[in-house]
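[1] give me the fold of what follows.
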Amino acid sequence: MSKKILVILVFTLFTAASILPVAGIELQKQENSTLQPSIEWEKTYGCKMVDWGRCVQQTSEGGYIICGAYDRNVYTPWQGFVYLLKTDAAGKVEWEKQYGIYPYENLGQYVLQTSDGGYIIAGYIGFTYHIDAYLLKTDSEGNLTWTRILGNYDFYDDSMSVQQTTDGGYIVTGWTASYGAGSSDAWLYKLDSEGCDEWNKTFGGSRLDGGDCVKQTFDGGFIITGRTDSFDSGGNGDAWLIKTDMNGNEIWNKSYGGHYLDEGKSVLQTSDGGYVLTGSTYSFGAGDHDAWLIKTDSSGNEIWNNTYGGSLWDQGKSVVQTTDGGYFITGDYTDPVQGDLELYMVKTDSEGNEEWNYIIEHESKGSTDSGYYGIQTNDGGYIVTGETGEYNLALVDLFLIKLGGTNSPPNSPIITGPTSGKPNIEYDFLFVSTDPEGDAVMYNVDWGDGDTEWTEYGDSGVGIILKHTWDASGKYTIKAKAIDIHGAESEWAEFTATIPRNKATNNQILMLRFLERFPLLQKLIQQL
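    As a prediction, the model looks like this:
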């Protein structure tokens, strides 16, 4: 009996990062929450030094793209490389790349898949406070297409966020000391699809101002959030929203805060045409610093604001609107007992009322678990990136955690192949299953003769050919089911193949029986 597997889709793996199980993690969950999803998986990636996750996005085929820092030195000079990591939907590394100029510090702070299937990264390059904005465009495999370094030498210029615009170009925001009116201004930089300059705008006054996140709005303009010291109400910095037209001309700006330091880190336009931003506030809330969520109308007028956290320093770094109209915040929480930084996730309803939260922490004192960016995934779950480890040992890894969502099982496989055959001959059978969420699927096949086999994972809707041989005649029912990467199983599919007796073998048996009855004829045949 002989069998072999032919997989139509072949996965090519590039040099992979080390994927380590996350040991010693404790999870603090909000009590009495029936809405809280379970944790599907956690993974770490990187080398022996310090590695950061700064942004994660789901890609068109259902996997994830993550950017951050690779092999970063803990101490000055903070050398390191921009890290770009591509995984499948289960967090398995497909390829990884590092970029930058040695011995400078190179950091990727935001990544986005572009319309051509490649990626755009925003970050910075330089040393200490002599840094420039750094933009990198790659193809779908992470190979560089072009790079741009923006800003003047000996000034602090940083790109924090990038979006592809409706015209195929890119919009970038950050902090700039090279241009503008003050010590630092919020920066809005427009490039075409090839990375060439189109226009450059700054916003701010005579003090410290900057932009941390930009999104294109429904009207083709842009919304920026960040921090302003020039237009704050208490003299210590306020969260800031700036609305512009499609050419970067300011339409309005609003600041939010009190007498202490308040900041905006992430903004998006909501389905009602207004805006929601997250960040941190020292002016409001129960702790020294709380994670903050502010909802405004389309003109930036505050509708409500809520705070989240404990008694110490907490903040929100990213926010997305969820399919139920609520919001998902990713950020940091400070353990009030150990004083350690923990990864913080908060889910709210549409009014900002907390529905559940997760606090992810290591058991050991002195460890750091920080969340930087989180999104809702296609299956209704969540994916978050950040960092985990101990800085005093220079052991910090990029962290990726997946929370479960509503996952539908794959469709039962369609089986095609010959319905009849002969013993001891190998036949091909094709198995195809599609997954509602587009997850990769594998197959469990029972050949009906006591043999079973499992395939590797392959793309949803892409067939796999298996070869099988039956030793004896009979009617065999082939059964197969598909299993997605989250473990959801389809119903069994069935296919019947009939293997009749070998006619040549039957004729030989009849001839032998005939010759047994006529021994003289048998001798005559032998002589002939």
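[2] just the pLDDT for the most centrally placed residue in the chain.
    When the chain is reduced to its mean C-alpha position, the nearest residue by Cα atoms, centre = their mean turns out to be Tyr64, at 3.3 Å. The predicted local confidence for Tyr64 comes out at a pLDDT of 98.
[3] what's the answer for Lys295, then?
    In the prediction, the pLDDT value recorded for Lys295 is 98.
[4] got any ranges where the stretch 401-528 of the chain has weak pLDDT?
    Applying pLDDT under 70 to the stretch 401-528 of the chain flags residues 406, 486, 501-528.
[5] which parts of it are helices?
    Assigned by DSSP state H, counting those that start in this stretch, the helices in the stretch 401-528 of the chain fall at 503-517, 519-527.
[6] helix/strand/coil for the nearest residue to Ser178 once chain neighbours are set aside?
    In space, and not counting its chain neighbours, Ser178 is closest to Asn152: 3.9 Å by Cβ to Cβ, 6 or more residues apart in numbering. Glycine gets a C-beta too; all of them are placed from N, C-alpha and C. For Asn152, the reduced secondary structure class is coil; criterion used: DSSP: H, G, I helix; E, B strand; the rest coil.
[7] quick one: Asn152 and Ala133 touch, right?
    No - taking Cβ atoms under 8 Å as the definition, Asn152 is not a contact partner of Ala133, at 10.7 Å.
[8] who's more crowded, those two?
    The residue with more neighbours, out of Asn152 and Ala133, is Ala133; 27 against 12, by other Cβ atoms under 10 Å.
[9] quick check: bridge partners of that one?
    According to DSSP bridges, the residues that bridge with Ala133 are Tyr124, Leu150.
[10] against Trp52, how distant is it?
    In this structure, Ala133 and Trp52 are 18 Å apart, going by Cβ to Cβ, to the nearest Å.
[11] doesn't Tyr308 make contact with Ala286?
    No - using Cβ under 8 Å, Ala286 is not in contact with Tyr308, being 9.3 Å away.
[12] the two: who's more crowded?
    Taking other Cβ under 10 Å, Ala286 and Tyr308 do not tie; Tyr308 has more neighbours (24 against 11).
[13] please name the nearest non-neighbouring residue to the more buried one.
    Of all residues not flanking Tyr308 in the chain, Ala291 sits nearest, at 4.4 Å (Cβ to Cβ, 6+ apart).
[14] show me the contacts for that neighbour.
    Residues in contact with Ala291, defined by Cβ atoms under 8 Å, 6 or more residues apart in numbering, are 278-280, 307-309, 314-316, 329, 331, 333, 344, 346.
[15] which pair of the residues you listed spans the longest distance?
    Greatest spatial distance in those: Gly279 and Tyr333, 14.7 Å, computed using Cβ to Cβ.
[16] what's the local residue count around Tyr373?
    Taking other Cβ under 10 Å as the neighbour definition, Tyr373 ends up with a count of 25.
[17] look up which helix or strand it falls in, please.
    Following DSSP states H and E, the helix or strand that holds Tyr373 is strand 368-376.
[18] chain center to that strand: distance?
    11 Å (Cα atoms, centre = their mean, to the nearest Å).
[19] and stretch 234-245, by the same measure?
    Distance of stretch 234-245 from the chain centroid (Cα atoms, centre = their mean) equals 30 Å.
[20] CA atoms only: put that stretch into CSV for me.
    Listed in CSV are the C-alpha atoms of stretch 234-245, where the atom choice follows Å, rounded to 0.1, in the frame of the first residue of the first chain:
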residue,chain,number,x,y,z
GLY,A,234,-3.9,74.5,32.3
GLY,A,235,-0.4,75.1,31.1
ASN,A,236,0.8,71.5,31.3
GLY,A,237,-0.5,70.1,28.0
ASP,A,238,-3.9,69.0,26.6
ALA,A,239,-5.1,66.4,24.2
TRP,A,240,-5.6,67.9,20.8
LEU,A,241,-7.7,67.4,17.7
ILE,A,242,-7.0,69.1,14.4
LYS,A,243,-9.4,68.9,11.4
THR,A,244,-8.1,69.8,7.9
ASP,A,245,-9.4,69.8,4.4
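[21] buried ones in that stretch?
    Neighbour counts using 16 or more other Cβ atoms under 10 Å place Gly237, Asp238, Ala239, Trp240, Leu241, Ile242, Lys243, Thr244 of stretch 234-245 among the buried residues.
[22] got it, and stretch 283-291?
    Counting neighbours by 16+ other Cβ under 10 Å, stretch 283-291 gives Ser283, Gly285, Gly287, His289, Asp290, Ala291 as buried.
[23] what residue ranges in the stretch 201-350 of the chain score low on pLDDT?
    By pLDDT under 70, the stretch 201-350 of the chain has no low-scoring segment.
[24] all helices of it, in order?
    Counting by DSSP H, counting those that start in this stretch, the stretch 201-350 of the chain has no helices at all.
[25] so where do the strands sit in it?
    For the stretch 201-350 of the chain, the strands defined by DSSP state E, counting those that start in this stretch occupy 209-216, 222-228, 238-244, 250-256, 262-269, 275-281, 290-296, 302-308, 315-321, 327-334, 341-348.
[26] distance to Ile425 for those strands - can I get that in TSV?
    As requested, the strands of the stretch 201-350 of the chain are arranged in TSV below (distance: least, Cβ to Cβ, whole Å):
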stretch	distance to Ile425
strand 209-216	61
strand 222-228	66
strand 238-244	71
strand 250-256	75
strand 262-269	61
strand 275-281	65
strand 290-296	66
strand 302-308	67
strand 315-321	56
strand 327-334	56
strand 341-348	57
